[in-house]
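In: Predicted structure and sequence below. I'll ask about it afterward.
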Amino acid sequence: MTYPSLPVEIFLAILSHISDRPTLLSLLRTCGDFREEVERVLYRVLFTNTLEVGKRTLLLTRLRETPRLAQYVRCFALSVPDATDPPDPVLTVPIHLMTNLDDLRVLIGPNLSTADMQRNCHDQLKHLTWAVGNDHIPTAFLERQRRLVSLKLIFDDETAPLPQPTALPNLRFLTARHIKTIRELMFGRNIIGSKWTLARRGTLRTSDITPPWQFALGNLCVLDISALHIPDISTVIPHLTKLVIIIIAMEARDIDGLIGALPSLRIVTATSRILAPEAEQKDFAKYIFARNPGLIFVENVAWIGDDRVQRWTRGGVRQPDFVPHRTDMRRWEDVDFDAEDAIERCLAV
């Protein structure tokens, strides 16, 4: 049986399970009747940082010359760490043709301009990762992105102006490294998931927890504070009244005292080797579940690595399970959820 003789529904069902580019390119060359469907999948996600300069140039040229292909792009990752001579054509990427783009990830060096990109990307993004080496936050550009759900600022500058409180009304997930950026972007918005990569030690003080920020902290369901030190964590923990998931890095002797103050907590993901000998792991798991009645499971990321984690589940503390590492911030960025929904999604992993 040849591919064109397959019913369209069956072919599309098969295509939905294919993600590797070599297979998609093979299908493109052999399945003429389904060319458009294959192209739609092939161009949906484009990461230019994995391509050689020559191939990247050909790809961008093809997008400019064939607007139909550019319209298929939903996620585009742009990575140019340093200026090149001659100028890298990736900086002239036809963003204006990517009318269905909703996920943009920008990682470029300090001497490169993003003005053309900012000018041509209108109110369409749901996810934005901004890592531009000159530390500038593109305030006017952000204020146009009224649909934005997730914002990751990798090099935010604490002295730079931030979007007005009325901007970004749909923002739900925020990653940033300066307290000023975090506090002001959370104010007046319903941020339910956040990751803090604080730039310096001792940057979080009790005086930073102003009443408006205290209210915003009370809305968080997921928080990644694995980059924080214990004094910083102690400062913010009392205000996390709805927190369901915490991603944290600390020793076993410290973690219980902090999460014990979070009655809504259901999942702890630790990013350091808090559990060492097997006997110590069992004792710690039993103790922490006894002290935290609502806790469902504890995950230990660093014990196994990036792909799998060690998970201790309530009622099954004799030995841990080894499960895929999926309790990270990216998992929650496509949905708006309340605490109960977050728990259900975690248990469905």
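Out: Great, that's in hand.

In: Quickly list what Ala131 is bridged to.
Out: Leu107 (DSSP bridges).

In: quick one: it and Arg105, what's the gap?
Out: Noted for Ala131: a distance of 8 Å to Arg105, by CB to CB, to the nearest Å. Placement of C-beta: from N, CA and C, glycine included.

In: and if you look at Leu46?
Out: Taking CB to CB, one finds Leu46 at 10 Å from Arg105.

In: what touches both of those two?
Out: Here Leu46 and Arg105 have 75-77 as joint contacts, going by CB atoms under 8 Å, 6 or more residues apart in numbering.

In: What about the residues you listed, which are in helices?
Out: If you go by DSSP state H, those have nothing in helices.

In: which of these count as buried?
Out: Among the shared contacts of Leu46 and Arg105, those classed as buried by 16 or more other CB atoms under 10 Å are 75-77.

In: Do a quick rundown of the helices in the stretch 1-150 of the chain.
Out: Secondary structure of the stretch 1-150 of the chain (DSSP state H, counting those that start in this stretch): helices located at 8-15, 21-30, 35-42, 53-65, 67-70, 115-120, 139-144.

In: Give the buried residues for the last one.
Out: In this case it means helix 139-144. Those would be 141-144, for helix 139-144 by 16+ other CB under 10 Å.

In: which secondary structure elements does that helix contact?
Out: Judged by 3 or more CB pairs under 8 Å, 6 or more residues apart in numbering; DSSP states H and E, helix 139-144 has no packing partners among the helices and strands.

In: just the second one next, same as before
Out: Packing partners of helix 21-30 (3+ CB pairs under 8 Å, 6+ apart): helix 35-42.

In: Show residues contacting the helix it packs on.
Out: 11-12, 15-16, 18, 21, 24-25, 27-28, 31, 69, 72.

In: out of those residues, which one sits closest to Asn170?
Out: Of all the contacts of helix 35-42, Asn170 sits closest to Tyr72, with 24.1 Å by CB to CB.

In: Now do the strands in the stretch 151-300 of the chain.
Out: Using DSSP state E, counting those that start in this stretch, the strands of the stretch 151-300 of the chain run over 173-176, 193-196, 222-224, 245-248, 267-270, 297-300.

In: Nearest approach to Asp116 belongs to which of those strands?
Out: Among those, strand 173-176 sits nearest to Asp116 (CB to CB), with 25.0 Å.

In: Sheet-wise, list the partners of that closest one with their directions.
Out: Short version: by DSSP bridges, strand 173-176 pairs with strand 150-153 (parallel), strand 193-196 (parallel).

In: and it, C-alpha only, in PDB?
Out: Output of strand 173-176 as PDB, limited to C-alpha atoms (Å, rounded to 0.1, in the frame of the first residue of the first chain):
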ATOM      1  CA  PHE A 173       3.500  32.800  33.900                       C
ATOM      2  CA  LEU A 174       6.600  34.900  34.600                       C
ATOM      3  CA  THR A 175      10.300  34.200  34.800                       C
ATOM      4  CA  ALA A 176      12.700  37.000  35.700                       C
END
